[in-house]
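Enquirer: Return a 3D structure for these sequence lines:
(chains A and B)
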Amino acid sequence: MLCSICNEKPATVHLTQIVGDKMQKLDLCEDCAKAKGVNDPAGFALADLMLGLGASQEIEQAVGGVETKCPRCGFAQADFKKSGRLGCPECYKTFAEGLAGMLKTMHKGTRHVGKVPEALRASREQSDRLKTLQKKLEKAVKAENYEEAARLRDEIREMSERPAPPRNLTR
Amino acid sequence: MKDLHTFLWPPAETARRHGPHDRIVMSSRVRLARNLRDFAFPGWAKKLERMKVLETVRPAVESLPEMKDSFSEGMDNFTVLDKQILVERHLISREHAAKSAGSGLVLNREESFCVMINEEDHLRMQALRPGFQIREAWTAIDRLDSALEKKLDYAFDAELGYLTACPTNLGTGIRVSAMLHLPGLVLSEQINPIIQSVNKLGLAVRGLYGEGTEALGNVFQVSNQMTLGESETIIVERLEKVMSQIIEHEENSQQTLLEKKPKVVFNHIGRAYGILANAHSISSKETMNLLSLMRLGVDLALFPGEERSLVDELFLTTQPAHLQKQFSDKLSAEERDIIRADMVRGRLKDVNRPFVKPPGAAN
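Expert: Coordinates of the predicted model:
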């Protein structure tokens, strides 16, 4: 496997970053990894690196800490400052961090309550139920109620093994 | 292309539509913002992408049974004047009137559903009802949306709900609003505290044409601002409660004014009638403000035999674009003021001056 940045040397550093429930993977050679400051966990964000891929010029800027751009539509944070509008649905993922605080002050809550498209309703209900079951399981374990815990574990397992709903959630 | 002016209901007909509490609530509206998952929002999309969205959304909307025989057109096929007429009818926003190729409008025969395509979002669908019917409007637009979601791939996120161009509409994408005529609260100077307390509940109070407009003719638009973290039903119910309260306050203030300061009320209404029935030049703004007082006069039975629709019709026909459409679109502002005054005088020719019971007369 070749390095995803220089495409010359073999990749020895393999990065995985999970944001929300989305996983991003990146494979770098030792030199590129060093150049991007990968060994310095504080100053490194995989997202920045991924965005820079493809155009070497941007990679250079990324090292200097260029602002985030939506990988789908090219919308940048500065554009939002100008218009107060986002570029595309994907932007909500790209700028999730910056938006979170804003949404808190803007709305009653930060999680959608209300109408869900019918095609997604089943899967949403299932994920909600799964969450409650997991909470119950934790409680049962804490209370050393192992009989109940075993029953819950089986129920969770059965649910997770069920075929996926017809359409996937956007995240 | 269908002709917009033969399609739209004549002002006299629109003014005669009735709904519950229409003495105070002129109309109710529920709007939903929706977007397609795979396209950039209209404000950021290139023209080609916007065209593609329009080509996808328009036939889907047209195919709905509720939109049978609808008026459907690209915004580039409207004259500036026609767009302004649609704004004056509260069918499209000012923002949408500024759009051209790549944006569109689908309006149904009854003018009870109006869908703006590529306004700020790919879809802004609205249900419109006369009088106080926000719950009915919500039920109607909910059904339309549910039918549409089977044909279009909406941008929806499990956590954030319906994704919108502006984060202020995120979640439910719902805007519930009503236009309220509140002359009593304005005359008794109670309107500001009311607006403030409504604001405190997280609701917005705006002027006649929405965001950033003044409350001409004592008409105020009340709507929700927050869209995330609460269900549509909760939002609708809260607005219903608040609006019922405002209706009650308006009724009370009219009653109190009549009891405590009848001369002030009669003076305002009498002068309004005097000017409207005799002016030879009048601006649109002054007309609106005076018509509002005449509307109050009709509601207080000072114009026996006259109906509110007389005033509501003039509310519409005296607006700049409606006036230009009826006469000529090459009018200067001064010429418009003269024609407006002529029209109002003509319309009030057979309306008797306000009838005020002599003091001491029995009820």
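Enquirer: pretty sure B:Pro20 contacts B:Phe132?
Expert: Yes. Using Cβ atoms under 8 Å, B:Pro20 is in contact with B:Phe132, at 5.0 Å. Every C-beta, even on glycine, is put in place using the N, C-alpha and C of the backbone.
Enquirer: Give me the residue ranges of the stretch 51-200 of chain B where confidence is low.
Expert: Within the stretch 51-200 of chain B, not a single segment meets pLDDT under 70.
Enquirer: one more time with 90
Expert: Confidence mapping of the stretch 51-200 of chain B against pLDDT under 90 gives the ranges B:158, B:192, B:196, B:200.
Enquirer: For it, give the residue positioned nearest to chain A.
Expert: B:Gly161 (2.9 Å; Cβ to the nearest Cβ).
Enquirer: quick one: the helices in chain A?
Expert: Here chain A has its helices, by DSSP state H, at A:30-35, A:46-52, A:56-63, A:77-83, A:91-94, A:96-106, A:118-142, A:146-161.
Enquirer: what's the longest one packed up against?
Expert: Yep, that's helix A:118-142 we're talking about. helix A:146-161 (3 or more Cβ pairs under 8 Å, 6 or more residues apart in numbering or on different chains; DSSP states H and E).
Enquirer: that older thread, deepest-packed of the helices of chain A, please.
Expert: helix A:91-94 (a mean of 24; mean count of other Cβ atoms under 10 Å in any protein chain shown).
Enquirer: Briefly note if that helix comes near chain B.
Expert: Yes. For helix A:91-94, a contact with chain B is found by Cβ under 8 Å from any Cβ of the partner chain, at A:Tyr92.
Enquirer: Can I get that helix in PDB? Just the C-alpha atoms.
Expert: Written as PDB, here are the backbone C-alpha positions of helix A:91-94 (Å, rounded to 0.1, in the frame of the first residue of the first chain):
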ATOM      1  CA  CYS A  91     -21.800  20.700   5.600                       C
ATOM      2  CA  TYR A  92     -23.700  19.800   8.800                       C
ATOM      3  CA  LYS A  93     -21.200  17.000   9.200                       C
ATOM      4  CA  THR A  94     -18.200  19.000   8.000                       C
END
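Enquirer: which regions of chain A sit below the pLDDT cut-off?
Expert: Residues of chain A that meet the cut-off, pLDDT under 90, sit at A:1-69, A:77-84, A:97-102, A:104-106, A:118-136, A:143-148, A:152-171.
Enquirer: Contact residues of it facing chain B?
Expert: A:20, A:72-73, A:75, A:79, A:83-89, A:92, A:99, A:102-103, A:106-120, A:124, A:127, A:169-171.
Enquirer: Contacts only, for whatever residue of chain A ends up closest to chain B.
Expert: Residue of chain A nearest chain B, by Cβ to the nearest Cβ: A:Gly109 (2.3 Å). A:Gly109 is in contact with B:Leu228, B:Gly229, B:Glu230, counting by Cβ atoms under 8 Å, 6 or more residues apart in numbering or on different chains.
Enquirer: what about 10 Å?
Expert: Neighbouring residues of A:Gly109 by Cβ atoms under 10 Å, 6 or more residues apart in numbering or on different chains: A:Leu103, B:Gly171, B:Met226, B:Leu228, B:Gly229, B:Glu230.
Enquirer: Would you mind giving those residues as a markdown table with secondary structure added?
Expert: Formatted as a markdown table, those follow (DSSP: H, G, I helix; E, B strand; the rest coil):
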| residue | secondary structure |
| --- | --- |
| A:Leu103 | helix |
| B:Gly171 | strand |
| B:Met226 | coil |
| B:Leu228 | coil |
| B:Gly229 | coil |
| B:Glu230 | coil |
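Enquirer: Kindly indicate which of those lies nearest B:Leu48.
Expert: B:Gly171 (29.8 Å; Cβ to Cβ).
Enquirer: is it true that the closest one touches B:Leu228?
Expert: Yes. The criterion here is Cβ atoms under 10 Å, and B:Gly171 meets it with B:Leu228 at 3.2 Å.
Enquirer: Now list whatever residues contact both of the two.
Expert: Residues touching both B:Gly171 and B:Leu228 by Cβ under 10 Å, 6+ apart: A:103, A:107-114, B:159-162, B:164.
Enquirer: Ramachandran angles for the residue in chain B that chain A sits nearest to?
Expert: Per Cβ to the nearest Cβ, B:Gly229 is where chain B lies closest to chain A, at 2.3 Å. The phi/psi pair for B:Gly229 (degrees, to the nearest 10) reads phi 100, psi 0.
Enquirer: tell me the contacts of it?
Expert: By Cβ under 10 Å, 6+ apart, the contact set of B:Gly229 is A:103-104, A:106-114, B:161, B:170-172.
Enquirer: and it, what pLDDT?
Expert: The model reports B:Gly229 with a pLDDT of 94.
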